[in-house]
Every structure is written in C-alpha cells, then in structure tokens.
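A.B. asks: build me a model:
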Amino acid sequence: MADLKTRYMGLELENPLIASSSPLCKELDAVKRMEDAGAGAVVLHSLFEEQVTIEEERLNDFLLRGTEHYAEALTYFPSVDTFRFAPDEYVEYTRKVKESVAIPVIGSLNGTSKGGWIRYAREIEEAGADAIELNIYLLPTDPGMTGDEVETNYIELVHEVKKSVKIPVAVKLGPYFSSIPGIAGSLAEAGADALVLFNRFYQPSIDPEKLEVSPDIVLSTSEELNLRLRWVGILYGRIAGLDLAVTGGVHTPLDIVRSLMAGAKVAMTTSALLKMGIGYIGDLVSGLAKWLDGHGYESALKITGLMSQQSVAEPAAFERANYMKLLNSYRLSD
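C.D. replies: Numbers count the residues shown, from 1 in each chain. Next up, the predicted model:
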C-alpha cells in the first residue's frame, strides 16, 4: 500500500488528513475516536480572545465589588486559585488530550488584537500542544480602516505569538486580501510556519418577518474547494519555509488528492465529519491510499505539488487567461 506519511510544520504525520477545529474536538472521547479512525492530527476547538477578556473582567469586578463599603468584605473573597476560567480549562483540556492520544495535537487561538490573551499561546505550548493554529477572525467594519492596517494587524499578531512560543504556528486566513501572495510572504517573514487556506467566515441571515439578524451556519461542500486549490497552487514553492494546508471543501478522497496535487502538505476537514460522522475519517484515508495505489504512486509525497502552478504545462490556467478562455468557450444549450 502507498506510504501516506507526510511532514507538516516539521511534525511527522501518518497521513495528510487532519480533523480541523470544530465543536467535535471539545470532547476527549471524540478526539480519541478521530485518532482510532485514522486522523493524521487534530486541531482542537478554539480558545477565543473574548473568553479571556470576559473572564478577566468578571474576576476584576468580583474582587473589587464592595471593598469601598466594608473592610470586612475582604475576608469573604475566595482564593483566586479556586476559580476555573474557560482559558484555564482549555489549557488543562489540551494537556489531557496530549496525554490520551499519540497523534499531533494542534491548539487553536482565535482573536484579533495583541492583548494579553496571546499569553495563552505559551500556556498551550506548556500543556503539550505540538503546534498552534492562529485563527485571526478580523472583520473590519470601520470605513476608516485601510487594507494596510488590516494586514499590519495580522503581521504584528503573528509576530507577538511567535515571540512567546517555540512550537510551530500556522495562520488560518480568509480569502479577502488584495494580494494573497503579498500577505503570505509578510506572514512568513513574521514567523508563520504554515498557512491554512481558507477560513470560512459565517454569514448572518436576515429574517424579514421577525426583523432579526440571525446566524446562518452552512456546512461546506466540495464545490468550495477550487478557490483553495487555486491559491495553494499559486503559492506552492514560492515562499521558503512556509507549508500550506487546505481547509474548506474537503469531503472525498479525491478532494484530498486534489489538495495535495495543488501543493498542500495536509487537507483538513470538519463539515464532512459533521455530516458523515467521525468514522468517515477511515473512509477518507483508505480512499486516498486506494487512489494512490490505483494510479501507481508509491507515496502521498509523490503527488504533492504535482499540479501546482510551477509544475503544470500551462501555468496561465491559474491566472486571468483561464478566466477569459472559459468565458469564450461557454455555449448556451439549445
């Protein structure tokens, strides 16, 4: 059978399929089942910047409340170490997961600022995480905020996190940049070890009857994969030391094959597991091996980057020329 081993950010993986960050990863038993099903690694659910901020504000409010009225109130204060805040629980959960599974465990931080919350990157590292995925979910709504300011925020945040840890750091990006190669290069210079392309920003829906704006969660489909393949294919081999990962639209073994051929070291999936169950990981991994064997490839590494822009006979297929060609070739049906 084909050798499925790969290296992602220096981590040795038995295969290139990673269970990406999701609510499924909140349960230790579910993570164990992911390992048993054959996942090459797992990205834990995110610790959000807001969780840290809210808990710190609550602690401050609780400790100060009433002190200006009664000195005796000091005797009622509980010891700080008796609190179990969400961030501390996350760190402890990371430790438990690492003690329970042998596959690489990647912590996930979700935030937008350089506040004190990034100190938890170090604590997650100390808990045993093999790497950190930094999910920068920044949605600029201020008309005065420029694209340069948005990118600077990303770059500085990555730089600060990298200063605090020794383990690898991946950056999960959205597709809404004026220059994907430009921001990719800047993040690599700031210390990023990998880019995960692309984040799926959930869009709110509007209820005309209730006059409410409500969350609308739509799981991905394989049709979303092409956007990822295009940019991974363009970036592959252009930025030294930067690994690439595909996330969003990985639902079948062929989706993994396409991701690797474009130049990704790993393919990540969540929606497929939410639809099909954790056991579906085994089908994806065995399907990848079967495809490689059936096409005469001795390993997953043999197809990595095989169809990147640098490798294909027609590099313009990734660029504007292909857009023009497609439009000119379209014919209305009778």
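A.B. asks: from now on I want contacts and neighbour counts done on CA atoms only, so please keep to that.
C.D. replies: Noted.
A.B. asks: check the offset of stretch 141-150 from the chain's centre.
C.D. replies: Distance of stretch 141-150 from the chain centroid (C-alpha atoms, centre = their mean, to the nearest Å) equals 24 Å.
A.B. asks: OK, contacts around Glu133?
C.D. replies: Shown here is Glu133, whose contacts under the criterion C-alpha atoms under 8 Å, 6 or more residues apart in numbering are 43, 106-109, 169-172.
A.B. asks: could you measure from the residue nearest to His251 when sequence neighbours are not counted over to Phe198?
C.D. replies: The shortest distance from His251 to any residue other than its chain neighbours is 5.2 Å, reached at Ala272 (C-alpha to C-alpha, 6 or more residues apart in numbering). The spacing between Ala272 and Phe198, counted by C-alpha to C-alpha, to the nearest Å, is 16 Å.
A.B. asks: any weak-confidence spans in the stretch 151-300 of the chain?
C.D. replies: Along the stretch 151-300 of the chain, the parts satisfying pLDDT under 70 run over 216.
A.B. asks: show me the strands in it, by range?
C.D. replies: Across the stretch 151-300 of the chain, reading from the start of the chain, the strands by DSSP state E, counting those that start in this stretch fall at 169-173, 194-197, 204-207, 212-215, 243-247, 266-269.
A.B. asks: residues touching the residue nearest to His251, list them.
C.D. replies: The contact partners of Ala272, taken as C-alpha under 8 Å, 6+ apart, are 250-251, 280.
A.B. asks: okay, now Thr146: neighbour count?
C.D. replies: One way to gauge burial is a neighbour count; for Thr146, by other C-alpha atoms under 10 Å, it gives 11.
A.B. asks: count of neighbours near the closest residue in space to Glu151 that isn't next to it in sequence?
C.D. replies: Ranked by C-alpha to C-alpha, 6+ apart and with sequence neighbours excluded, the top spatial neighbour of Glu151 is Ile183, at 6.9 Å. Around Ile183 there are 17 other residues, counting by other C-alpha under 10 Å.
A.B. asks: pretty sure Ile183 is touching Asn153, no?
C.D. replies: No - under the contact definition of C-alpha atoms under 8 Å, Ile183 does not touch Asn153, with a separation of 11.2 Å.
A.B. asks: coming back round to it: and the contacts of Ala272, which is closest to Val266?
C.D. replies: Minimum separation from Val266 among these (C-alpha to C-alpha) is found for Val250, which lies at 10.7 Å.
A.B. asks: what sits closest to that closest one if chain neighbours are left out?
C.D. replies: Skipping the residues right next to it in sequence, Val250 comes nearest to Thr269 by C-alpha to C-alpha, 6+ apart, at 5.5 Å.
A.B. asks: Ser20 is in contact with the one you found, correct?
C.D. replies: Yes - checked against C-alpha under 8 Å, the pair Thr269 and Ser20 is within contact range at 5.5 Å.
A.B. asks: which strand runs longest in the chain?
C.D. replies: Ranked by residue count, the top strand of the chain under DSSP state E comes out as strand 41-48.
A.B. asks: okay, now the sheet partners of that one, with direction.
C.D. replies: Taking DSSP bridges as the criterion, strand 41-48 sits next to strand 17-19 (parallel), strand 105-110 (parallel) in its sheet.
A.B. asks: could you dump those into CSV with mean pLDDT and mean neighbour count added?
C.D. replies: Putting these into CSV (pLDDT from 0 to 100; neighbours: other C-alpha atoms under 10 Å) gives the following:
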stretch, mean pLDDT, mean neighbour count
strand 17-19, 98, 27
strand 105-110, 94, 25
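A.B. asks: so for Asp293, which of these sits nearest?
C.D. replies: Proximity to Asp293, assessed across the strands paired with strand 41-48 by C-alpha to C-alpha, is greatest for strand 17-19 (17.2 Å).
A.B. asks: now the strands of the stretch 151-300 of the chain as a markdown table including mean neighbour count and distance to Trp117?
C.D. replies: Rendered in a markdown table, the data for the strands of the stretch 151-300 of the chain read as follows (neighbours: other C-alpha atoms under 10 Å; distance: least, C-alpha to C-alpha, whole Å):
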| stretch | mean neighbour count | distance to Trp117 |
| --- | --- | --- |
| strand 169-173 | 25 | 16 |
| strand 194-197 | 24 | 21 |
| strand 204-207 | 12 | 27 |
| strand 212-215 | 11 | 26 |
| strand 243-247 | 27 | 25 |
| strand 266-269 | 26 | 26 |
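A.B. asks: of these, which approaches Met307 most closely?
C.D. replies: With distances scored as C-alpha to C-alpha, the stretch of those nearest to Met307 is strand 243-247 (14.2 Å).
A.B. asks: by contact count, what packs against that closest one?
C.D. replies: For strand 243-247, the helices and strands in contact under the criterion 3 or more C-alpha pairs under 8 Å, 6 or more residues apart in numbering; DSSP states H and E are strand 194-197, helix 225-235, strand 266-269.
A.B. asks: again, only this time at 10 Å
C.D. replies: The criterion is 3 or more C-alpha pairs under 10 Å, 6 or more residues apart in numbering; DSSP states H and E, and the helices and strands that strand 243-247 contacts are strand 6-8, strand 17-19, strand 169-173, strand 194-197, helix 225-235, helix 253-262, strand 266-269.
A.B. asks: can you redo those as JSON lines with distance to Gly128?
C.D. replies: Listed next are the helices and strands packed on strand 243-247 as JSON lines, based on distance: least, C-alpha to C-alpha, whole Å:
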{"stretch": "strand 6-8", "distance to Gly128": "17"}
{"stretch": "strand 17-19", "distance to Gly128": "18"}
{"stretch": "strand 169-173", "distance to Gly128": "14"}
{"stretch": "strand 194-197", "distance to Gly128": "19"}
{"stretch": "helix 225-235", "distance to Gly128": "29"}
{"stretch": "helix 253-262", "distance to Gly128": "28"}
{"stretch": "strand 266-269", "distance to Gly128": "21"}
